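1. no sequence on this one, just coordinates:
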């Protein structure tokens, strides 16, 4: 009984604890949930046009996913300091981290635009090596190229939103990013319906219409976040005098680069690793790309719970560490990890029950639907595992252990996950669903490592105390 009580006190919080966690996590869940749900509807709309169109857009979005995570890594390095400066009530420190973010996302975006303009076709073709007709591959490449060319201008508002929204969240203000995201996704949904199918007198633009709708929605979201933040400067004191200079003190820049560069490299290499995993699966045929696209789009809707709770770990635990409350930080982290895993057991059960029905919404062949259902069920089974890994990653990151998170995340995916996928996809005759399962099972090693690192408490650090 005593052990049970101790375990309960260690892993289960009171009502006030869950109110505090959900106050941070729910707005993120709502924003991500609506965004991913509308992305699901967008995906279905494109999927109604044809398999080649859906595959072309999916491949480009896989490439843009690498860019998105580069931005996330770029702002996250500075974000560790933002959360801890905010915990210290040091607004000038917060301001300086925002300036660093602006420089970082600008450089990443410039590099990405140049890369995609010069090497877009070869990157898309890299995913078209599997079984399938030459005509189908050529059509997929053409649709992907059309979508990519229109999407590039939308990177600018997207990068600005990442700077402002990440800072607001790190300061505990998640409502504005949520509202802006909700409005933007509904703008995207309505414009998708009009432009993809040619409603209300507009021409039917197909994948080009989907891209135009996306970049318009991004400009809308950017305008909402930036205008509101600047108009409410008293509520957001970090914005006051933000652009009086863009200089960042060299001492702080060195600290952010030291802590943040591993995060940037981690997110970049991790995203590249997931792109490589998709390429490994794609050698089994063009149908696999379409099936993975269906599966990933639906999975993203269900993954919002552990993603939001992971981000909440970074915010809440980071603020406690910045305030020097180490014991409270450990206790809070234990309860948040347990809450995330338990929540995802329930979510995974729902996902398993519905897995067979989601692919039916797509206008594609039976084989694609069958593969998609298998991928969804496999992901559901491993969702609690992924929840634990996600929360462990953000725990280590909140204390500035970015070298460890680099090894834990991106080095692992390249050395273990990609290796498993590459060998099994090219040198065995295992079904692609079995290859997918073995890759997920490889993360059992990572779970053991994460458990040991979190339990040891090596992340219990205040990294801004002497700043």
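-> Sure thing, it's come through. Treat the numbers as computed from the prediction; the structure is a model and nothing was measured. Numbering: from 1, shown residues only.
2. where does the stretch 101-250 of the chain dip in pLDDT?
-> 130-133 (pLDDT under 70).
3. Now do the helices in it.
-> If DSSP state H, counting those that start in this stretch is used as the criterion, the helices of the stretch 101-250 of the chain fall at 134-151, 155-170, 175-197, 207-231, 250-282.
4. Quick one: closest of those to residue 83.
-> helix 155-170 (4.4 Å; Cβ to Cβ). Bear in mind the C-beta positions are built from the backbone N, C-alpha and C, glycine included.
5. longest helix of the protein?
-> helix 51-87 (DSSP state H).
6. what's near enough to touch the residue nearest in space to the middle of the chain?
-> Nearest to the geometric centre of the chain sits residue 69, at 6.5 Å (Cα atoms, centre = their mean). Going by Cβ atoms under 8 Å, 6 or more residues apart in numbering, residue 69 touches 267-268, 270-271.
7. now do residue 47
-> Listed by Cβ under 8 Å, 6+ apart, the contact partners of residue 47 are 53-54, 294, 361-364.
8. Show the pLDDT at the closest residue to it other than its chain neighbours.
-> Distances taken as Cβ to Cβ, 6 or more residues apart in numbering place residue 362 nearest to residue 47, at 4.1 Å, with adjacent residues excluded. Looking at residue 362, its pLDDT reads 82.
9. how near is residue 362 to residue 41?
-> 12 Å (Cβ to Cβ, to the nearest Å).
10. of these two, who's got more company?
-> Higher neighbour count among residue 362 and residue 41: residue 362, with 22 against 17, using other Cβ atoms under 10 Å.
11. you'd agree residue 237 is up against residue 91?
-> Yes. Residue 237 is within contact range of residue 91, at 4.7 Å (criterion: Cβ atoms under 8 Å).
12. and the nearest residue to residue 37 once chain neighbours are set aside, helix, strand or coil?
-> Computed as Cβ to Cβ, 6+ apart, the closest residue to residue 37 that is not its neighbour in sequence is residue 301, at 5.5 Å. Three-state call for residue 301 (DSSP: H, G, I helix; E, B strand; the rest coil): helix.
13. ok, how many other residues are close to residue 301?
-> Using other Cβ under 10 Å, residue 301 has 19 neighbouring residues.
14. do residue 197 as well
-> By other Cβ under 10 Å, 16 other residues sit near residue 197.
15. quick one: contacts for it?
-> Per Cβ under 8 Å, 6+ apart, neighbours of residue 197: 45, 204, 209.
16. out of those, which are buried?
-> Buried members of those, scored by 16 or more other Cβ atoms under 10 Å, are 45, 209.
17. ok so, going back, which among the contacts of residue 47 end up buried?
-> Counted by 16+ other Cβ under 10 Å, these give 53-54, 294, 361-362, 364 as buried.
18. and which of those residues is nearest to residue 166?
-> For those, the nearest to residue 166 is residue 294 (29.7 Å; Cβ to Cβ).
19. Return the distance of residue 206 relative to residue 74.
-> Separation of residue 206 from residue 74 (Cβ to Cβ): 33 Å.
20. Phi first, then psi, for residue 232.
-> With angles defined as degrees, to the nearest 10, residue 232 sits at phi -120, psi 60.
21. Give the burial count for it, as a bare number.
-> Residues lying near residue 232 (other Cβ under 10 Å) number 12.
22. And for residue 413?
-> Neighbours of residue 413 under the rule other Cβ under 10 Å: 25.
23. which residues does it contact?
-> Contacts of residue 413 by Cβ under 8 Å, 6+ apart are 269-270, 273-274, 277.
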